[in-house]
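Participant: Provide a 3D model corresponding to the input given below.
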Amino acid sequence: MTGSFLRSGAGVKGMLPLWAHKLLHDSLSTQGCFSIGDVDVTDEGYTIRYASPGFCDLFDCKSSDGVGKRCCNFAGYNLAARHLISVAKTLGMDLQEAKTRAQFALEYFAQQGTMFSEGTWDKPSSGVAYALVLASNGTSEPFVCELVLSSRWELRTSWGYSVILHRDVTNEVPVRKLLEAACPGGGFDQLVQEQKLGLRRRLSSAGINSRSAVLCFQQDALEGWTGKLIGKAREIAKNVQGPFPAWEYRFMQDNLSTQQSFLLADCGLTDDGVTLRYTSPGFCDLFELNASEIAVTRYCQQLIGCHVIRKNIAALTAQVGMDLEQVKDRLRYVYDFVLGQAKASLGSWDRPSKHLGFAFGLCYKATS
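Facilitator: Purely as a prediction, here's the structure:
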């Protein structure tokens, strides 16, 4: 299957086992039960970026209820743990032991998710994580949820995302069986592997056509992700509410047209600048570059910024009529100011910065 992602035209790079392709094709339909999230799987789960109609049916929720939330605080362990009293009594366990065992199953999922989500945009993980966890839809009875997680990297933006398939398997693995095995030496890994083997057998016997699996994978991810963000930004701008002043939203909407000069980049800022993910035609015109020359480039400072200016500092010194050390000191002052403005604009997914960075800097055009 090597290279099949690229040949599909989906723009996703990597390799997945055949059974995973079949599973994705079968599950990533409009009504399929899946969610899309960031790749940072922790003991709180992952951040939900898109929830399918099937996911909403399983967890008895609306898509907007879960988007932007860590899944365990929404539909997973943290919610299920509140409804373990009756389960603990039935199993003859005290409540704390039942919670500890449910947490054990969750940590197994976090370990699997971390293991198989590691990778980079050009070398994504080819593994598929599989786990069984205790979940809840808000009722008094938790259920056993089968999770199949695969992480990919979108080539154009290098956004790392995970697609997680969900299925209620309580009829196959009762809550009692899961909790009895979920402890050190309890045979939990064996239970998970046996259930996973059964999944592969079902897929093999179904003979599902996997031809369009990757394209479906890609389209659902991008449409779900970008659609939610753009819709939210427009809603906030229209209502003049949110963490940013309305004039900032209008400014961004006015400038993010095809011909305006702007770029999209990761927020990881270092002395080398930022990793460029997208450059508009206006940006390429301004700096006299081709988009292909700088796509997914880390070293923007070496292309147009501080580092390339240093290489031409003798000419700059003669041009401004200052001595060499004076020019170097002032360049450093300007660069530090730009860096400070950029860092002040950073935040986290749940607490974005309200600061809009603004600065002047010195740049070079590629043909200068």
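
Participant: how close does residue 280 get to residue 286?
Facilitator: Going from residue 280 to residue 286 by CB to CB, to the nearest Å gives 9 Å. In short, each C-beta sits where N, CA and C put it, glycine included.

Participant: In terms of neighbours, single out the busier of these two.
Facilitator: Taking neighbours as other CB atoms under 10 Å, residue 280 and residue 286 compare with residue 280 leading, 19 against 16.

Participant: Show the pLDDT at the more buried one.
Facilitator: Model confidence at residue 280, given as pLDDT, is 74.

Participant: joint contacts of residue 280 and residue 286?
Facilitator: Counting by CB atoms under 8 Å, 6 or more residues apart in numbering, the contacts common to residue 280 and residue 286 are residue 261.

Participant: In the stretch 151-300 of the chain, where is pLDDT below threshold?
Facilitator: 152-160, 200-260, 266-273, 275-277, 291-300 (pLDDT under 70).

Participant: let's go with 90 and repeat that
Facilitator: Under the criterion of pLDDT under 90, the regions of the stretch 151-300 of the chain flagged as low confidence span 151-167, 175-176, 196-300.

Participant: Now residue 177: closest residue in space, sequence neighbours ignored.
Facilitator: Leaving aside its sequence neighbours, residue 177 sits nearest to residue 191 (CB to CB, 6 or more residues apart in numbering; 7.2 Å).

Participant: Can you tell me the SS state at the one you found?
Facilitator: The assignment at residue 191 comes out as helix when based on DSSP: H, G, I helix; E, B strand; the rest coil.

Participant: Please renumber the chain so that the first residue is 116 from this point on.
Facilitator: Noted, 116 is the first residue going forward, which turns the last one into residue 306.

Participant: I figured it hits residue 293, correct?
Facilitator: Yes: using CB atoms under 8 Å, residue 306 is in contact with residue 293, at 7.4 Å.

Participant: Compare neighbour counts for the two and give me the winner.
Facilitator: More neighbours sit around residue 293 than around the other of residue 306 and residue 293, counting by other CB under 10 Å; the figures are 26 against 18.

Participant: Chain neighbours aside, what residue packs nearest to that one?
Facilitator: With sequence-adjacent residues excluded and distances taken as CB to CB, 6+ apart, residue 293 is closest to residue 259, at 5.1 Å.

Participant: swap in residue 264?
Facilitator: The shortest distance from residue 264 to any residue that is not its chain neighbour, by CB to CB, 6+ apart, is 4.1 Å, and that residue is residue 244.

Participant: quick one, what contacts that neighbour?
Facilitator: With the criterion set at CB under 8 Å, 6+ apart, residue 244 makes contact with 224, 227-228, 230-232, 262-265.

Participant: for it, phi and psi?
Facilitator: With angles defined as degrees, to the nearest 10, residue 244 shows backbone torsions of phi -80, psi 140.

Participant: re the thing from before, okay, the residue nearest to residue 293: pLDDT?
Facilitator: 91.

Participant: cool, and residue 219?
Facilitator: The per-residue pLDDT reported for residue 219 equals 90.

Participant: can you check residue 222 too?
Facilitator: On the pLDDT scale, residue 222 is placed at 85.

Participant: Send me the lengthiest strand in the chain as PDB with only the CA atoms.
Facilitator: For the chain, the strand reaching the highest residue count under DSSP state E is reported as strand 258-268. The C-alpha atoms that make up strand 258-268 are tabulated as PDB, following Å, rounded to 0.1, in the frame of the first residue of the first chain:
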ATOM      1  CA  PHE A 258     -20.900   1.000  28.200                       C
ATOM      2  CA  VAL A 259     -17.800  -0.500  26.700                       C
ATOM      3  CA  CYS A 260     -16.600   1.500  23.600                       C
ATOM      4  CA  GLU A 261     -14.300   0.100  21.000                       C
ATOM      5  CA  LEU A 262     -11.800   2.800  19.700                       C
ATOM      6  CA  VAL A 263      -9.800   2.500  16.500                       C
ATOM      7  CA  LEU A 264      -7.400   5.400  16.100                       C
ATOM      8  CA  SER A 265      -5.200   6.400  13.100                       C
ATOM      9  CA  SER A 266      -3.200   9.500  12.800                       C
ATOM     10  CA  ARG A 267      -2.200  11.200   9.600                       C
ATOM     11  CA  TRP A 268      -0.700  14.500   8.400                       C
END
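
Participant: So which bits of the helix or strand just after that strand are buried?
Facilitator: Secondary structure here is assigned by DSSP states H and E; on that basis, the next helix or strand after strand 258-268 toward the C-terminus is strand 275-283. Neighbour-count burial for strand 275-283, with 16 or more other CB atoms under 10 Å as criterion, is recorded at 275-282.

Participant: so who does residue 305 touch?
Facilitator: Contact criterion CB under 8 Å, 6+ apart gives residue 296 as the residues in contact with residue 305.

Participant: Then the one 5 residues further on?
Facilitator: If a contact means CB under 8 Å, 6+ apart, then residue 310 has 245, 247, 261, 284, 287-288 as its contacts.

Participant: export those to a markdown table and tack on neighbour count?
Facilitator: Rendered in a markdown table, the data for those read as follows (neighbours: other CB atoms under 10 Å):
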| residue | neighbour count |
| --- | --- |
| 245 | 21 |
| 247 | 24 |
| 261 | 22 |
| 284 | 18 |
| 287 | 14 |
| 288 | 20 |
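
Participant: Just flag the most distant two among those residues.
Facilitator: Based on CB to CB, the longest span within these runs between 245 and 287 and measures 13.7 Å.

Participant: What is the nearest of the contacts of residue 244 to residue 175?
Facilitator: Distance to residue 175 across those (CB to CB) is lowest for residue 262, with 17.9 Å.
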